[in-house]
Structure formats: structure tokens, C-alpha cells
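> Give me a model of this one.
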Amino acid sequence: MFQEAIKNYLHTHNYPQINLKAILFDMDGVLFDSMKNHAVAWQEAMKQYGMRMTREEAYLHEGRTGSGTINIISQRERGYQASEKEVKEIYQTKSDLFNSLPKAEPMPGALEVLQKMKNSGLTPMVVTGSGQLSLLDKLNHYFPEIFKQELMVTAFDVKYGKPNPEPYLMALQKAGIHANEAIVIENAPLGVHAGVAAGIFTVALNTGPLPDKALLDEGANVLFPSMQAFNEKWDTLYQEFLNNNPL
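Numbers count the residues shown, from 1 in each chain. From the prediction side, this is the model:
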């Protein structure tokens, strides 16, 4: 299965091989089991401002900027976009609700697969739409000595959020590598779209309530049902990347 996925990717992009150097990880729903909290916070925040948003919908908007999500819902529910002042108020409400919920734990299997990658000489990077100021501290606490601040892409680094490819193109730029020297690990349709649009081999982890089709339709090259499943199959997948590199 992996061999065929790699072959199709190389054919589509006209690359001779994937010379893997870096692994680009989304954060929420990939490294941390935090999307459930985001979904609850979004639903309640919208409700407080008289708008309806299901928890499932939060997964569809995952990776989009906060203002983008708010305006899509506002346009649908009220027929007009929120003002800049209201966007800030709604997003602050959402953030306060999120921070009041129990802290999300790391995804089972995340630390193990990160350590395997690091031991193989690969560079793990975080590419997130999050703007948490304490992000590096959080990552260093749960995944010590894995990530470097200068190789992170956050909300502060980009003008356009996912599904625009800019976050992943920025990651390639920061690492000084080409699209066929990295892979993307994503759990959201918009994130998968962004990785694929950046020309990078994209692995989907379906850690939420959406059907597999929602991720595959955006172009995911391979799909796993969980981070743990990805961890268990990583050595096999990595070997296939090496097998397809004639160098």
C-alpha cells in the first residue's frame, strides 16, 4: 500500500524520489488530543453570540484562522460578517472557554514516533495555526529536546492559514529543503489540503469524528486511524521512502 502511494506521489509531481529530511506535524489533533476541547469551546462561544455551530463543524474548520471561522459562521447564521471588534470578542470568548477545560494530553504514540524520527536523523517540525505564546514550553514539556523554535511555523509567521499552502511552504523555507524532502502529518481536511497544495507527501490521521473520505478527498496520500497506528507502521513506511531513494 505504501509503495503504491509513494509511486503515485512521485509520478504526480515528477520527482525521482522522496529524500526525507523533515517531518512537518500539525499540532491539535495530531500531537495533542485537543480538538475535542476546541470543538466544545467553538460551539459554546458561538452559542453565546446567538449563532449555531456543531462540534463536528469545528473539525471541518480546523486549521483556518479564528477570524475566518467566525466570519463563515456569521455570514451563514446572520447574513453578514462580524466586525473586527466582534471577531476579537468572540475569539477571546472561545479562547477563555478552551483554557477553562481540562488540559489536553499528548496523543498516544506521539512521543514514540518522534523519538524514532529523531534517532533516524530526521527533523520534526510543528506547523500550526495556533498562536499560543507558551507553545514551545508546552512542546518541550511533553516532547523534550524534539522541536526547535526557529523551525516552528505558527499563526505569527504567516499571512494566510490553512487550507492555503503558505504554512507548509514556510516550513520548507525555514528548514531549507524542497517539497520532496519532507512529509506532512495532518488530521484535518483543511490541513491535508494545505500539505497537498504545497506539493508535499501528506499523511492523514483520522483522530476526529469525520469520515475517512473527508481527508482522502483532499488528496491525502495515505491514511491512518490514529497516531498510535501511525507510530506502529512508521518503520515500514520509512523503509519504503528509503527504498524509493536510489541514492
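> What is the neighbour count of Asp96?
Residue crowding around Asp96 was assessed by other CB atoms under 10 Å; the count is 11. (Each C-beta comes from the backbone N, C-alpha and C, glycine too.)
> Is it within a helix or a strand, and which one?
Per DSSP states H and E, Asp96 falls inside helix 84-100.
> any idea which helix or strand comes after the helix or strand of the chain with the lowest mean pLDDT?
Within the chain, confidence by mean pLDDT, DSSP states H and E is lowest for helix 135-142 among all helices and strands, at a mean of 87. Downstream of helix 135-142, the next assigned helix or strand under DSSP H and E is helix 166-175.
> need the strands for this protein, in chain order.
Counting by DSSP state E, the segments of the chain that form strands are 22-25, 123-126, 182-186, 201-205, 222-224.
> confidence score at Asn245?
Reported pLDDT at Asn245 in the predicted model: 65.
> Quick check, central residue of this protein?
When the chain is reduced to its mean C-alpha position, the nearest residue by CA atoms, centre = their mean turns out to be Asp26, at 2.7 Å.
> Can you tell me how far that one is from Val184?
According to CB to CB, to the nearest Å, Asp26 stands 8 Å off from Val184.
> any shared contact partners between those two?
127, 191 (CB atoms under 8 Å, 6 or more residues apart in numbering).
> so who does the nearest residue to Leu60 once chain neighbours are set aside touch?
Sequence neighbours aside, Pro189 is the residue nearest to Leu60 in space, at 6.3 Å (criterion: CB to CB, 6 or more residues apart in numbering). For Pro189, the set of contacting residues under the criterion of CB under 8 Å, 6+ apart consists of 59-60, 62, 163, 210, 214-215, 217-218.
> Repeat the analysis, applying 6 Å as the threshold.
Shown here is Pro189, whose contacts under the criterion CB atoms under 6 Å, 6 or more residues apart in numbering are 214-215, 218.
> Do you know the pLDDT at it?
pLDDT, read off for Pro189, is 95.
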